[in-house]
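**Student:** No letters, just coordinates:
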């Protein structure tokens, strides 16, 4: 176990949030709006990790009915509210999503998936084969059909994170690495030690993304966050509305839910206001290996061209990749860690962190204040992977509804 530094210094903050990505920024925003004094610490720049390497997906369409879909639906509403205050540079686009079935088997699976989602509150509309081109004129012929999800949206994640931080009123400290979590003799959190000095607070929020497991270790506990690498292709600028929605093949949903460590790819195609088309998405667990995978890029190009033949003659001008913070059950860790009083987690969102950031931030702010949360936090309990963990008496069914 790492050395823990006991501190008896003055407390001038209500919480220290570690991580200046979009999740940490949302935690700071909602905590600040609720009257809490917070500092945000990051060893790098704003959005220097997973957020800066994201496509900006705000998706309902890929979430199975259950806790993550509930989180996504709440975030969808919150992003719409936030969009009214975000600058145009954030590029918020409520463009909707279109999930494509290549054959009748895939379409039957999509129908069952959408039926469960609608029962949970999502909007999903079946589009017959002869109606697909009304939504996307450049789609390939011969597709079986699909589902339109009007709640799906997109934004520029790094700019959104920066704006949320500016609006939070937080004391933002960049280029400061956290080297220890400060605790009192009883083991309760009392702040953090950074390369630029100590920050004292009765609460610490772990919003470090793929490094969430390492931060948990610094606090003397365990959270099995692992990186899952993904690549994105970027085309040359193309005419506006060549691709009108966020369009992806039905097998993307399966890839998101998979536990496989091997390379998986399924085309996700979307235009941007600036003209380039973004093509994702791949997934593989290779640690923090940053080696360029030509096989991953080849698959993306081939699958995107199969969906949109017009892209076959388009140049890809660059590619980028990032690491998604993966937890074994594909749900994030959100809320207080009962093993370390004062420690809160807001990480492990995998590829959905940008979309789920506002709801996560609101739930963390409620936990910091001791208020009733907007959603049941039990599915996101940080200690759920600990075989010794037992539900707390306050976690009564329906208590947070």
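**Tutor:** Good, I have the coordinates. Every value quoted in this text rests on a predicted model; they were computed, and no experiment measured them. Numbering: from 1, shown residues only.

**Student:** residues in contact with residue 172?
**Tutor:** Each residue near residue 172 by CB atoms under 8 Å, 6 or more residues apart in numbering is listed here: 20, 28, 39-40, 46, 165. In this view, the C-beta of every residue, glycine as well, is placed from N, C-alpha and C.

**Student:** Find me the pLDDT at it, would you?
**Tutor:** Taken from the predicted model, the pLDDT recorded for residue 172 is 97.

**Student:** for it, helix, strand, or coil?
**Tutor:** Reducing the assignment to helix, strand or coil with DSSP: H, G, I helix; E, B strand; the rest coil, the entry for residue 172 is strand.

**Student:** So residue 92 versus residue 200, what's the distance?
**Tutor:** Using CB to CB, to the nearest Å, we find residue 92 at a distance of 37 Å from residue 200.

**Student:** Where in this structure is the helix or strand with the lowest mean pLDDT?
**Tutor:** Taking mean pLDDT, DSSP states H and E as the measure, helix 251-257 is the helix or strand of the chain with the lowest mean score, a mean of 67.

**Student:** Give the partner strands of the next helix-or-strand element following that helix in its sheet and their orientations.
**Tutor:** Scanning forward in sequence from helix 251-257, with DSSP states H and E defining helices and strands, the next element found is strand 264-271. Paired strands of strand 264-271, with direction, are strand 246-249 (antiparallel), strand 277-283 (antiparallel) (DSSP bridges).

**Student:** Out of these, which is the most enclosed?
**Tutor:** Stretch with highest mean neighbour count among the strands paired with strand 264-271: strand 246-249 (a mean of 26; mean count of other CB atoms under 10 Å).

**Student:** ok now that strand, how far from the chain's centre?
**Tutor:** Computed by CA atoms, centre = their mean, to the nearest Å, the separation of strand 246-249 from the middle of its chain amounts to 18 Å.

**Student:** change the start of the numbering to 6 and stick with it
**Tutor:** Okay, residue one is now 6; in that scheme the one you just asked about reads as strand 251-254.

**Student:** before we move on, back to that, which of the contacts of residue 177 sit farthest apart?
**Tutor:** Largest separation among those by CB to CB: 44 and 51, giving 14.1 Å.

**Student:** out of residue 97 and residue 205, which sits in the more crowded spot?
**Tutor:** Between residue 97 and residue 205, counting by other CB atoms under 10 Å, residue 97 is the more crowded of the two (22 against 17).

**Student:** where does that one land on pLDDT?
**Tutor:** 95.

**Student:** What's the separation between it and residue 379?
**Tutor:** In terms of CB to CB, residue 97 sits 22 Å off from residue 379.

**Student:** same check, this time on residue 311
**Tutor:** For residue 311 relative to residue 379 (CB to CB), the value is 41 Å.

**Student:** One more: residue 208?
**Tutor:** Following CB to CB, the distance that separates residue 208 from residue 379 is 19 Å.

**Student:** More neighbours: which of the two?
**Tutor:** When neighbours are counted by other CB under 10 Å, residue 208 comes out ahead of the other of residue 208 and residue 379, with 24 against 16.

**Student:** Provide a list of residues in contact with that one.
**Tutor:** Going by CB under 8 Å, 6+ apart, residue 208 touches 19-21, 194, 347-349, 373.

**Student:** and what of residue 45?
**Tutor:** 21-25, 29-30, 33, 170, 173, 175-178.

**Student:** among those, which ones are buried?
**Tutor:** Of the members of these, the ones counted as buried by neighbours, 16 or more other CB atoms under 10 Å, are 21-25, 29-30, 33, 170, 173, 175, 177-178.

**Student:** thinking again about what came up before, identify, from the contacts of residue 45, the entry nearest to residue 316.
**Tutor:** Distance from residue 316 was checked for each of these by CB to CB. The minimum falls on residue 30, at 33.1 Å.

**Student:** pLDDT wise, what is residue 295 at?
**Tutor:** Note on residue 295: pLDDT of 89.

**Student:** I figured it was touching residue 326, is that so?
**Tutor:** Yes: taking CB atoms under 8 Å as the definition, residue 295 is a contact partner of residue 326 at 7.2 Å.

**Student:** Among the contacts of residue 177, which ones are in strands?
**Tutor:** When DSSP state E is applied, the contacts of residue 177 are split such that 44-45 fall in strands.

**Student:** possible to save the contacts of residue 177 as a markdown table with distance to residue 276 and pLDDT?
**Tutor:** Putting the contacts of residue 177 into a markdown table (distance: CB to CB, whole Å; pLDDT from 0 to 100) gives the following:
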| residue | distance to residue 276 | pLDDT |
| --- | --- | --- |
| 25 | 28 | 98 |
| 33 | 31 | 98 |
| 44 | 38 | 98 |
| 45 | 32 | 98 |
| 51 | 25 | 97 |
| 170 | 27 | 97 |
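
**Student:** just the contacts of residue 177 now: which is nearest residue 322?
**Tutor:** Distances from residue 322 to these, taken as CB to CB, are shortest for residue 51 (25.0 Å).

**Student:** Can you name the residues that contact that closest one?
**Tutor:** Residue 51 makes contacts with 25-26, 30, 163, 166-167, 170, 177, 179, as judged by CB under 8 Å, 6+ apart.

**Student:** Most widely separated two among those?
**Tutor:** The widest separation within the contacts of residue 51 (CB to CB) is 14.5 Å, between 163 and 177.
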